[in-house]
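Peer 1: No sequence on hand, only this structure:
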């Protein structure tokens with residue numbers, strides 16, 4: 001049966017025309033390459049550079065211009081940027097199946113390690129050394145979120161309108177307004193208040209041919225899985241819908257999911273308290289991969305292994321589907337002034353939401369002089385671009401030594 005395709009036509013060569021068919025990587029090669037990369041994928045969005053090095057310089061699967069456009073796409077749509085960039089490379093080289101293999105390969109190490117850590121967290125019985133360890137890590141979580149707020153704010157809040165939307169978002173979130181309404185309101189505010197600006201490169205991007213049959217198959221599989229959960233496990237069905245909603249609104253990368261998770265899991269549903277949720281974020285920083293892998297921790301604590309699997313699949317599904325479905329016409333969408341204004345407003349709102357989370361988490365820490373010193377040292381290390389792979393274990397060790 002002949003496959004149906006849809007495309008967005010532009011002046012560049014198509015992704016499958018950039019390299020001859022006999023030079024394209026196999027699905028197994030893509031999977032193994034990104035599995036190896038995923039084993040060391042610490043630092044979240046910082047991994048985008050390593051993905052570029054792998055796919056452009058070492059393997060030469062893409063040219064630099066195509067890769068940059070993919071990064072622009074992944075930074076604009078909601079979801080974990082590094083995971084989506086991995087999927088984009090697979091999409092450009094082997095279509096939707098390639099995107100699926102690179103996406104799973106890149107995220108699998110983080111999922112497996114988080115399962116192990118969540119199991120140990122549940123079964124260890126909260127001994128003295130573990131409480132001391134997490135006392136150190138909770139301070140680091142506050143510093144990490146504060147640094148994300150500063151970094152994201154520096155990139156986003158460039159005028160009084162951005163600052164107004166960010167401040168108002170933090171305020172209305174603080175008084176209990178759902179972050180999903182805050183995001184939608186920020187998009188409307190962006191359209192109404194933002195001035196029309198010249199936005200750099202508005203080229204439409206390369207010609208992308210995507211198998212419509214593959215995409216439809218994926219959507220059918222996702223909907224079938226959700227339907228099965230509805231009839232077999234209503235608790236897992238509700239968990240899946242929540243994680244899908246969180247990822248679908250997480251503009252700006254993985255850290256953007258933190259205020260959404262905090263609101264829905266801690267404040268609204270009361271599935272865990274602030275400190276346990278912060279422990280999940282800390283474990284998410286110990287593992288490679290994006291911070292949204294905290295969803296695996298949440299799912300495991302609630303419903304053990306089935307919950308961890310459902311939460312993980314659900315939190316990453318919108319990210320993946322958006323990449324493979326939007327990539328073909330993102331260039332045209334990106335040329336819309338209203339779209340760019342709405343996205344700018346949404347990004348500004350996440351500065352406010354992250355600011356709220358920083359304050360909320362800071363209130364959950366019993367501060368003393370030792371914790372203040374650790375927090376300040378962490379912030380200095382982050383500003384100096386010290387690898388997070390050294391920061392988090394170092395803080396854990398300090399916690400064990402100082403808080404026993």
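Peer 2: Structure received. For clarity, every value in this text was computed on a predicted model and none was experimentally measured.
Peer 1: make it CA atoms for all contacts and neighbour counts henceforth
Peer 2: OK.
Peer 1: so where's the protein shaky on pLDDT?
Peer 2: 1-23, 41-46, 126-127, 196-211, 389, 404 (pLDDT under 70).
Peer 1: who does the longest helix along it touch, helix- and strand-wise?
Peer 2: Longest helix in the chain by number of residues, with DSSP state H as the criterion: helix 81-123. Where contact means 3 or more Cα pairs under 8 Å, 6 or more residues apart in numbering; DSSP states H and E, helix 81-123 is packed against helix 27-38, helix 47-52, helix 64-76, strand 208-211, helix 212-232, helix 274-286, helix 294-326.
Peer 1: what about those, which gets the closest to residue 91?
Peer 2: Within those, the stretch nearest residue 91 is helix 294-326; the backing value is 7.0 Å (Cα to Cα).
Peer 1: Run the angle between that closest one and helix 64-76 for me.
Peer 2: 120 degrees (axes from the mean of the first three to the mean of the last three Cα atoms, to 10 degrees).
Peer 1: Please compute how far helix 294-326 lies from its chain's middle.
Peer 2: Mean-position distance between helix 294-326 and its chain equals 11 Å (Cα atoms, centre = their mean, to the nearest Å).
Peer 1: again, but for stretch 79-86
Peer 2: 7 Å.
Peer 1: If you count neighbours, what's buried in it?
Peer 2: Using 16 or more other Cα atoms under 10 Å as the test for burial, stretch 79-86 gives 79, 80, 81, 82, 83, 84, 85, 86.
Peer 1: Is the first one in a helix, a strand, or coil?
Peer 2: Same thing as residue 79. coil (DSSP: H, G, I helix; E, B strand; the rest coil).
Peer 1: Name the nearest residue to it, sequence neighbours excluded.
Peer 2: residue 319 (4.8 Å; Cα to Cα, 6 or more residues apart in numbering).
Peer 1: so that neighbour makes contact with residue 75?
Peer 2: No: the criterion here is Cα atoms under 8 Å, and residue 319 misses it with residue 75 at 11.2 Å.
Peer 1: Those two: who's more crowded?
Peer 2: Using other Cα atoms under 10 Å, the more surrounded residue of residue 319 and residue 75 is residue 319, with 24 against 19.
Peer 1: ok, the more buried one - contacts?
Peer 2: Applying Cα atoms under 8 Å, 6 or more residues apart in numbering to residue 319 gives the contacts 78, 79, 80, 84, 247, 248.
Peer 1: do that again at 10 Å, thanks
Peer 2: Shown in contact with residue 319 (Cα atoms under 10 Å, 6 or more residues apart in numbering): 74, 77-81, 83-84, 87, 103, 244, 247-248, 250.
Peer 1: For residue 31, give its distance to residue 304.
Peer 2: Distance of residue 31 to residue 304, computed by Cα to Cα, to the nearest Å: 27 Å.
Peer 1: if you count what's nearby, which of the two comes out ahead?
Peer 2: Using other Cα under 10 Å as the criterion, residue 31 and residue 304 rank with residue 31 on top: 22 against 17.
Peer 1: okay but the more buried one is in contact with residue 89, surely?
Peer 2: No: at 11.3 Å, residue 31 and residue 89 do not qualify as touching, with contact defined as Cα atoms under 10 Å.
Peer 1: Check what contacts stretch 299-307 and list those residues.
Peer 2: 114-115, 118-119, 121-122, 235-237, 239-240, 243, 271-272, 276, 280, 294-298, 308-313.
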